[in-house]
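In: Build me a model:
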Amino acid sequence: MNLLHRLLLLGLTVAFLPAGMAADLTDRKYALAVEAERESQWLKACRLYDELLRKDRTHPVARLGYQRCLRRLYQSLRHADPSYRAALAKLSVTQALDLLEETVGVLATAHPDRERVSLEALFTHGLVEVRHALDDPEFLRHHLASVKPSTLSAFKIRLINWPVPAFSSKTQVREQVLAVIRAAAREGLLTRPALMVPLILEFAAGATNAIDEYGLFLTPGHLAFTQAMLKGRVTQPGLEIGLRDEQVQITYVYPKSPAAEAGLVSGDRLQRINGVELSDLPLEAIAEKLRGPAGSTVEIEVERLREPVKLVRRPLHLPSVEYAREEYEGTVILRLRIHYFAESTPQEVKDALASLASTGEVLAGVLLDLRGNPGGLFESAIRITELFLDEGTIVIGRSPFKKYDRTFKATNPGYVTQVPLVVLVDGDTASAAEVLAGALKETRSERFSTLVMGQTTYGKGSIQCVVPLEKAGEKATALRITVAKLFSPTNQPYTGKGIVPHLPSTLEGEALLNEARRQLLERIKPMGSGVPFMAPMAAGAPLPGPMVMD
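Out: Residues are numbered from 1 along each chain as shown. Okay, the predicted model is just below:
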C-alpha cells in the first residue's frame, strides 16, 4: 500500500503542507475550518473551506479540506435519508454486490482522469468510506446500534491495515469487498446478514464520492429532486433558503406560490419546520423538510410572525429566467437574468427576446446577469450561447466518450449577435454558466461589442452525467460522475481558475447592476439606437446524451 492510500485511510485532518503554506495556519478562517472539521461539523467546515477557495482556487490545503468535509457531509445526509434506507432494505447481498460491481465498472470507464479511477484507488476509497461510516452517528444508530465500541474500534484498525492488492477486473474488486464484509461478520460487527448490504453500498458510495468534489452516489430522494429541478418543477411550498450570518433565512419566494400567498418574504428568518428546531441541521436536511407529496402540509415558523404558518405543498414551475424591458432616453435594452440552466431555459430566453420582437421595438443592447448561477444542463448552455454567437468555438471538451471529446461550435444563426452585450459574473457563476460566459468573452468579443464584468468565476471545468444504476432496481439510485473536462475557446482550463472578467469590479448587488447599465449604454451610443434582430423560433433539436453540470 502506497503513502497516498494510507493517508486516505487515516483521513488526516491536516495534510502535509507544501512550501510557503505555513502562513495559512495563522489564518483565522482556516483555523475555524479545522476546528469545525475536528468537531464533525461538516457543513460549517465546507463553507469555511469554500470561502478560502474563493480567495484562491488553487489553494491545495483548503481544497483537500473541502473535499474531505464534503464527502463526510454527503455520507451523513445519505444515512439520514429515509428513501435511501428504504432502498437498502429491498436489496439482497447479491444485488448489493451487483450494484457495487456496476458502479466500479461505470467509474473506471467514464471518468476522464484515469489515474483517479484505477481499481486499486476505487477499492481504497471504499475502505475509507466504511471506516468513516463506523464513526457516523446516523449509520451506527440505524445499522450497528448494538455493537460494542471496542468491536468498532478494532475493526477500524483492521480497515487501516487492510492490504490493497493489484486488481485486473471489477470482479476481483467485488471479491475483495466481500472478503472485508465477511471479516466484519466474523469479528462481531454484523449481527445479522441484512447488515452486509449497507456496508457493501458504502464501498460504492466511497468510490463515487471520493474521485472528485463533483462525484456523488445519489440516494433515491436526491435523484428525484435533481431530476425535478432540471425539468424546472419541484413539489414544495415555494421558497428557497440559505444562510445569512449563520442563520437560516428565506432567500427567495416564488410568485403565486403558497409561501407568497401566506405573506412570507425574502429575508424572513426560519426558526422551526413542523416544530423541529433548525439551528443544528444542515441546509440540505432543512430543504428536504420543505419537500413532500403534493397536497401535504408543512408548518413553518419565522421570526417576524407570531404564529406558525401552514403551507400546502404543490407542484411548482421554477422559472430559470427573469427579464425586464428597460428604456433610457429612447434606448431600449433587455435585462436578462439566468438563475440556472434547465431543459426549459433556452425557450425561456427566446420568450424574453420575443417579448420585444413582437412589439416591433428595436433592441439596442442586452444586460445578461449570470451572478449566482451554479450551472445545470450543459446542452441548454450551448443552445443559449448560439443565440448570442453565430459562429466560432463555444467550448472544448476532452472525454473518454466521442460525443464529449470534441470542440463545440456555434452552428445556428445568432438572434442577437450584433447588439452590444454586457455580462455580469461573480464567484458563484459556475459550470454551464462559465461555458456561456467564456464563449461570450473569448469568441463573441472578437467580432461584436461584448464586456464581461464582475468577479472571477467559480472555476468548474467539467461535465457530470447522472447515470441510473440498473442493478438498484427501478432505477432508484444513480451516480453523478464526471465524464469530461472543459476548456475555453482559447484552450484554457476552467478548473481552479475560472473566468477573469474584462472589467473586474468589487461592486455588488444593485451597485454593480447600475454600473453594468452605464457600461452598456456607453457601448450603444456609437451604434445609434439599435440593431434589428431575428425573431426567436422554436427550440432546436437536443444534443445527444443527458449532460448535467451541477
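In: Going by C-alpha atoms from here, please, whenever you check contacts or count neighbours.
Out: Fine.
In: quick one: low-confidence ranges for the stretch 1-150 of the chain?
Out: The stretch 1-150 of the chain contains residues with pLDDT under 70 at 1-26.
In: where do the helices sit along it?
Out: Ranges of helices within the stretch 1-150 of the chain are 3-10, 28-38, 42-55, 60-80, 82-89, 93-110, 119-133, 137-143, 149-160, based on DSSP state H, counting those that start in this stretch.
In: list the helices and strands the last one packs on?
Out: With contacts defined as 3 or more Cα pairs under 8 Å, 6 or more residues apart in numbering; DSSP states H and E, the secondary structure elements packing on helix 149-160 are helix 3-10, helix 119-133.
In: residues in contact with the last one?
Out: Residues external to helix 119-133 that are found in contact with it (Cα atoms under 8 Å, 6 or more residues apart in numbering): 5, 8-11, 72, 75, 104, 108, 116, 139-140, 156, 159, 164-170, 173, 177, 199, 202-208, 210.
In: could you measure the closest residue to Arg444 other than its chain neighbours against Ala410, distance?
Out: Spatial nearest neighbour of Arg444, excluding adjacent residues (Cα to Cα, 6 or more residues apart in numbering): Leu389 at 6.1 Å. Leu389 sits 6 Å away from Ala410, going by Cα to Cα, to the nearest Å.
In: Then Pro493?
Out: Separation of Pro493 from Ala410 (Cα to Cα): 20 Å.
In: all strands of the stretch 301-450 of the chain, in order?
Out: According to DSSP state E, counting those that start in this stretch, the stretch 301-450 of the chain carries its strands in the segments 309-312, 314-317, 321-328, 331-338, 365-369, 376-377, 393-398, 407-409, 421-425, 450-454.
In: Worst mean pLDDT among the ones you listed?
Out: Looking at those, the lowest mean pLDDT belongs to strand 314-317 (a mean of 79).
In: Direction included, what does it pair against?
Out: strand 233-236 (antiparallel) (DSSP bridges).
In: model confidence over the strand it pairs with, on average?
Out: Computed over strand 233-236, the average pLDDT equals 73.
In: From the recorded domain assignment, give the ranges for the protein.
Out: Following automatic domain parsing, one finds the domains of the chain at 3-216, 234-317, 321-549.
In: Can you get me the start-to-end distance on the shortest one?
Out: Domain 234-317 has an end-to-end distance of 7 Å (criterion: Cα to Cα).
In: still on that earlier bit, can you report how many residues neighbour the residue nearest to Arg444?
Out: When neighbours are counted by other Cα atoms under 10 Å, Leu389 registers 28.
In: Packed most tightly, which of the domains of the chain would that be?
Out: With neighbours taken as mean count of other Cα atoms under 10 Å, the domains of the chain reach their highest mean count in domain 321-549, at a mean of 20.
In: which one's the longest strand in this structure?
Out: As assigned by DSSP state E, the longest strand anywhere in the chain is strand 478-487.
In: Show me what the helix or strand that it is followed by is packed against.
Out: The helix or strand immediately downstream of strand 478-487 is strand 503-504, counting by DSSP states H and E. Contact partners of strand 503-504 among helices and strands, from 3+ Cα pairs under 8 Å, 6+ apart: strand 450-454.
In: now the angle between strand 421-425 and the strand it packs on, please.
Out: With axes from the mean of the first three to the mean of the last three Cα atoms, to 10 degrees defining the directions, strand 450-454 sits at 20 degrees from strand 421-425.
In: Parallel or antiparallel, which strands does strand 450-454 pair with?
Out: For strand 450-454, pairing defined by DSSP bridges yields strand 421-425 (parallel), strand 503-504 (parallel).
In: Identify all contacting residues around that strand.
Out: For strand 450-454, the external contacting residues (Cα under 8 Å, 6+ apart) are 420-426, 437, 440-441, 444-445, 501-507, 512, 516.
In: now stretch 297-305
Out: Contacting residues not belonging to stretch 297-305 are listed as 237, 268-275, 290, 307-313 [Cα under 8 Å, 6+ apart].
In: Save the strands paired with strand 450-454 as a markdown table, and put in distance to Thr385 too.
Out: Below are the strands paired with strand 450-454 laid out as a markdown table (distance: least, Cα to Cα, whole Å):
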| stretch | distance to Thr385 |
| --- | --- |
| strand 421-425 | 12 |
| strand 503-504 | 21 |
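In: Quick one: closest of the ones you listed to Tyr66.
Out: Nearest to Tyr66 among the strands paired with strand 450-454 is strand 421-425 (23.1 Å), distances taken as Cα to Cα.
In: Centre of the chain to the closest one, how far?
Out: 23 Å (Cα atoms, centre = their mean, to the nearest Å).
In: for stretch 518-525, same thing?
Out: The gap between where stretch 518-525 is centred and where its chain is centred comes out at 35 Å by Cα atoms, centre = their mean.
In: Output it as PDB - backbone C-alpha positions only.
Out: Once non-C-alpha atoms are left out, stretch 518-525 reads as follows in PDB (Å, rounded to 0.1, in the frame of the first residue of the first chain):
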ATOM      1  CA  ARG A 518     -23.900  52.600 -17.700                       C
ATOM      2  CA  GLN A 519     -21.300  50.500 -19.500                       C
ATOM      3  CA  LEU A 520     -23.900  49.000 -21.800                       C
ATOM      4  CA  LEU A 521     -25.300  52.400 -22.700                       C
ATOM      5  CA  GLU A 522     -21.800  53.700 -23.400                       C
ATOM      6  CA  ARG A 523     -21.300  50.900 -25.900                       C
ATOM      7  CA  ILE A 524     -24.700  51.500 -27.600                       C
ATOM      8  CA  LYS A 525     -24.000  55.200 -28.300                       C
END
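In: Just the residues contacting that stretch, thanks.
Out: If you take Cα under 8 Å, 6+ apart as the criterion, stretch 518-525 is touched by Ala364, Gly365, Val366, Leu367, Pro420, Leu421, Val422, Ser449, Gly530.
In: Kindly recompute the last result at 10 Å.
Out: For stretch 518-525, contacts defined as Cα atoms under 10 Å, 6 or more residues apart in numbering pick out 328, 331-333, 364-367, 419-423, 449-451, 453, 512-517, 530-531.
In: Show me what Glu326 is bridged to.
Out: Ile333.
In: For Tyr84, see how far away it is.
Out: 48 Å.
In: what's the answer for Val423, then?
Out: In terms of Cα to Cα, Val423 sits 41 Å off from Tyr84.
In: do the same with Ala31
Out: For Ala31 relative to Tyr84 (Cα to Cα), the value is 34 Å.
In: Sketch out the low-pLDDT regions of the stretch 451-550 of the chain for me.
Out: Along the stretch 451-550 of the chain, segments meeting pLDDT under 70 span 471-476, 526-550.
In: Apply 90 and report the result again.
Out: The model of the stretch 451-550 of the chain has pLDDT under 90 over residues 458, 460-461, 463-480, 495-497, 508-510, 525-550.
In: Just the contacts of stretch 297-305: which are in helices?
Out: Residues of the contacts of stretch 297-305 located in helices (DSSP state H): Leu290.
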